[in-house]
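[1] sequence first, then the predicted structure:
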Amino acid sequence: MKPKIWGESDVKKIWLHLDNSRVHNSKVTLAITEKYGFKRAPHPAYSPDMSPSDFFLFGYIKEKLKGCSLKSLDDLKEKIYEILSKISREFRKSVFENWIHRCKIVIAQNGEYITTD
């Protein structure tokens, strides 16, 4: 799997931004992260305001799924893939700019829990 992601160079790294939940810090997760050479971005004490999945993605998907009548798990997966594929590059960029802004607030607050909107 690693060569397909990185190509021939070991210089490139893919950074993961995971919060400090138990699942993300389990021995299994840490071993897999290390095995595939991912680099983990540091994260302050758990704060849903810091994870793009929490402050953007989950709510966005839920909103897009409102009113949908899906008959199976496969239908749900297909609909989610469709929703994700329609998020423009510019919109994704704005989400990560928002994340950077939130990170700067945490730094200014010495890592204390914050709420932003």
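    Great, that's in hand.
[2] longest helix in the chain, please.
    Across the chain, the longest stretch assigned as helix under DSSP state H is helix 89-108.
[3] quick check: next helix or strand after the helix or strand bottoming out on mean pLDDT in the chain?
    Ranking every helix and strand in the chain by mean pLDDT, DSSP states H and E puts helix 2-6 at the bottom, with a mean of 46. Once the chain leaves helix 2-6, the next helix or strand it forms, by DSSP states H and E, is strand 15-16.
[4] parallel or antiparallel, list what pairs with that following strand.
    If you go by DSSP bridges, strand 15-16 pairs up with strand 39-40 (parallel).
[5] got any ranges where the protein has weak pLDDT?
    1-13, 19, 43-49, 111-117 (pLDDT under 70).
[6] tell me the domain ranges of it?
    Residue ranges for the domains of the chain, per automatic domain parsing: 2-40, 52-108.
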